[in-house]
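Chemist: Sequence below, structure please.
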Amino acid sequence: MKTRVLIVDDEPIARRGIRRYLAEHEGIEVIGEAANGISAVEQINELLPDIVFLDVQMPDLDGFGVIENVEPSSDPAPVYIFATAHDAHAIRAFEVHAVDYLLKPYDKERFAKALVHARQVLEQRGKTNRDLEPLLQSLRRLRPLERFVVKDKKRIFFVPVPNVLWIEATGNYACIHTASEHHLLRETMAHLEEKLAAHHFIRVRKSTIVNSACISEIRPMFDGVYDIVLAEGTVVTSSRRYAHKLRTLLES
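Modeler: Take a look at the predicted model:
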């Protein structure tokens, strides 16, 4: 089985260079290229590559934003190799468990070493059936989500996380509500709860997360249930299962 590779870099010459080096190795299939962060997220979600060569500084989303916005999946997360002209991000790259960090300009020997290492990681993961989800978990702990990437048929835009009042589950989607509008994201509530800063957002029931900074009133109802009144008037009812999180907020 071939190792499936996605190349992400906003410079065409850099993408061509990676393709040229990859062509010298057997068992490699380049399944796509992306010239910006949003395209990278879409292709990773759709194509499920084994290895992603990922630039750091790109339009729309940087390399860390790409990892942060990849959808959760039952498939193993890809292995990331950062390839960039900027050495300032090296420590952070390894903090999110990237398997290597190629500093441009690099030669084919250095490239080969990174590729061999990445394929060894894939092989070991296959032997132990170990998922690399800790890659995403580590990034979320280090850098809470700052903005949502919203895509519709006509445009792609960003919604700053502090603008979101509450989030509700809607089928296979999550609906984020601001004071004036709402948007659908293909996200699970568990994934969102993990990505958002715990001290800013609270899971109050299985289908609902609220921004604690937007709570204007909490009304005890019965048997551990609360009505939560948000600043713009929305009332969300909590469930007993998550009552302890509200009590922690009240005691802080």
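Chemist: can we go C-alpha only for contacts and neighbour counts from here?
Modeler: Fine.
Chemist: mind checking the SS state of residue 56?
Modeler: What DSSP: H, G, I helix; E, B strand; the rest coil gives for residue 56 is coil.
Chemist: chain center to stretch 213-228, what's the gap?
Modeler: 31 Å (CA atoms, centre = their mean, to the nearest Å).
Chemist: One more: stretch 237-249?
Modeler: Per CA atoms, centre = their mean, the centroid offset for stretch 237-249 relative to its chain is 27 Å.
Chemist: Residues in contact with it: which ones?
Modeler: With contact meaning CA atoms under 8 Å, 6 or more residues apart in numbering, stretch 237-249 is reached by 202-205, 223-228.
Chemist: hmm, which two among these are most spread apart?
Modeler: The largest separation in those, counting by CA to CA, is between 202 and 223 at 19.4 Å.
Chemist: and those two? which has more neighbours close in?
Modeler: Using other CA atoms under 10 Å as the criterion, residue 202 and residue 223 rank with residue 202 on top: 20 against 9.
Chemist: Would you check that that one makes contact with residue 211?
Modeler: Yes - between residue 202 and residue 211 there is a contact under CA atoms under 8 Å: 6.5 Å.
Chemist: what is the rounded mean pLDDT of the helix or strand where residue 113 lies?
Modeler: Counting by DSSP states H and E, the element that carries residue 113 is helix 108-128. Across helix 108-128, pLDDT averages out at 87.
Chemist: helices or strands up against that helix?
Modeler: Helices and strands touching helix 108-128, by 3 or more CA pairs under 8 Å, 6 or more residues apart in numbering; DSSP states H and E, are helix 12-22, strand 79-84, strand 100-103.
Chemist: Please produce CSV containing the ones you listed, extended by distance to residue 28, mean pLDDT and mean neighbour count.
Modeler: Below are these laid out as CSV (distance: least, CA to CA, whole Å; pLDDT from 0 to 100; neighbours: other CA atoms under 10 Å):
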stretch, distance to residue 28, mean pLDDT, mean neighbour count
helix 12-22, 7, 96, 15
strand 79-84, 14, 90, 24
strand 100-103, 18, 88, 20
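Chemist: Point out the one among the ones you listed that comes closest to residue 172.
Modeler: strand 79-84 (26.2 Å).
Chemist: what are the pairing partners of that closest one, and which direction each?
Modeler: Sheet partners assigned to strand 79-84 using DSSP bridges are listed as strand 51-54 (parallel), strand 100-103 (parallel).
Chemist: JSON lines please, covering those and showing distance to residue 64.
Modeler: Formatted as JSON lines, the strands paired with strand 79-84 follow (distance: least, CA to CA, whole Å):
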{"stretch": "strand 51-54", "distance to residue 64": "9"}
{"stretch": "strand 100-103", "distance to residue 64": "13"}
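Chemist: right, and those - which one's nearest residue 5?
Modeler: Nearest of these to residue 5, taken as CA to CA: strand 51-54 at 4.9 Å.
Chemist: list the helices and strands the following helix or strand past that closest one packs on?
Modeler: Going down the chain from strand 51-54, the next helix or strand is helix 63-69, by DSSP H and E. For helix 63-69, the packing partners by 3+ CA pairs under 8 Å, 6+ apart come out as helix 37-47, helix 134-142.
Chemist: let's see it at 6 Å
Modeler: Packing partners of helix 63-69 (3 or more CA pairs under 6 Å, 6 or more residues apart in numbering; DSSP states H and E): none among the helices and strands.
Chemist: Work out the gap between that helix and the centre of the chain.
Modeler: Helix 63-69 has its C-alpha centroid displaced from the chain centroid by 5 Å (CA atoms, centre = their mean).
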